[in-house]
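**Q** need the 3D shape of this:
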Amino acid sequence: MEGKFLKFIFQYIALGLKSAMEYRFSFISQTMGMFLNDFAFLSLWWLLFSSFNSIKNWIFEDILLLFILMGFIWFFLGFLTNLREIGEIIVSGNLDYYLLYPKPILLHLAISNFDYTALGELLFSLVLLPFIHLTLFKLGLIILFSITGVIILSAVIILLNSSVFFFGSTGNFKSLLDSLYTFVVYPSNVYKGLIKFIILFIIPVGFVTGVPVDLIKNFDPPFFTLTLIISLSFLTLSIIVFYVGLRRYESGNLLTVRV
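**A** This is a model prediction of the structure:
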């Protein structure tokens, strides 16, 4: 059964890659655009740290680590691009298409679209790796926290979009998600008080990059365990909410044909 699921996933990835390769110039230019955008953003941090040795106990190498982690996370999220569209799919009635297949509905929704320009994010992370003090242990943590980061962000996206089942409107989910991403791209130490509590324990985006960077610098078993527990718990919650909401779904009576 697991082999069939993996084959199913790889078939979608291969199909998406073939589609991207039909417009190679656009694919390459957008991928490099992602790379250059990250480079420009990092340059601003370099200018800032050229004037200050550290900010809230973070040095420039910590920022490099943050960008490496973000790059891996955005790359993996590229395989799950369609998660952001779940709300629109539900409202439009196009969820009917996914209900016709014997595959897990949420998995099918998640991987049915892949943003290959996310390769630019991966490329940027790989370029930065030689500029930090890297060990095999740190590399393993980077990969692991990339996965937990993807899990948490995916769970947030699923929860927000699943609210459509209960409230019937997509609202400004994408704008809200973009706002939440802000807490991912800045050092965790800049947030204090209530805001820090919210991003750690209510909408745990603080465990996407901020806490992991601190753990990669100074490994702490209790906080490491807490990160794993929160990421898996939040994912479980999002899946439960989605499938509970799915029971309330009323077909849009649309016939969607895909070739």
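
**Q** from here on, just use CA atoms for contacts and neighbour counts.
**A** Fine.

**Q** which SS class is His133?
**A** coil (DSSP: H, G, I helix; E, B strand; the rest coil).

**Q** which residues of this structure score low on pLDDT?
**A** For the chain, applying pLDDT under 70 flags the ranges 1-6, 8-9, 12, 16-24, 102-103, 169-174, 250-259.

**Q** what are the ranges of the helices in it?
**A** Along the chain, the segments classed as helices by DSSP state H run 2-21, 24-49, 60-78, 86-92, 95-99, 105-111, 119-128, 136-162, 164-167, 173-182, 193-197, 210-217, 221-246.

**Q** wait, what's in contact with Met70?
**A** Under the criterion of Cα atoms under 8 Å, 6 or more residues apart in numbering, the neighbours of Met70 are Ser125, Ser146, Val184, Val185, Thr209.

**Q** among these, name the buried ones.
**A** Buried members of these, scored by 16 or more other Cα atoms under 10 Å, are Ser125, Ser146, Val184, Val185, Thr209.

**Q** please tell me I have it right and the second one contacts Leu69.
**A** Yes - contact between Ser146 and Leu69 holds when scored by Cα atoms under 8 Å: they sit 6.1 Å apart.

**Q** coming back round to it: how about the buried ones among the contacts of Met70, which pair is most distant?
**A** In these, two members sit farther apart than any others by Cα to Cα. They are Ser125 and Val184, at 15.6 Å.

**Q** sorry, back to before: closest to Leu176 among the buried ones among the contacts of Met70?
**A** Val184 (13.3 Å).

**Q** ok, the closest residue to the closest one other than its chain neighbours to Val185 distance?
**A** Distances taken as Cα to Cα, 6 or more residues apart in numbering put Thr209 closest to Val184, at 5.8 Å, once the chain neighbours are dropped. In this view, Thr209 and Val185 are 8 Å apart by Cα to Cα, to the nearest Å.

**Q** common neighbours of those two, please.
**A** Leu66, Met70.

**Q** ok, now how distant is Phe223 from Gly140?
**A** On the measure of Cα to Cα, Phe223 and Gly140 end up 16 Å apart.

**Q** before we move on, the earlier item: including distance to Leu107, could the buried ones among the contacts of Met70 go into TSV?
**A** Formatted as TSV, the entries for the buried ones among the contacts of Met70 read as follows, by distance: Cα to Cα, whole Å:
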residue	distance to Leu107
Ser125	27
Ser146	19
Val184	25
Val185	27
Thr209	24
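
**Q** so which of these is the closest to Phe165?
**A** Among these, and counting by Cα to Cα, the member closest to Phe165 is Val184, at 27.5 Å.

**Q** before we move on, the earlier item: out of the helices of the chain, which comes closest to Ile203?
**A** For the helices of the chain, proximity to Ile203 was assessed by Cα to Cα; helix 136-162 is nearest, at 7.4 Å.
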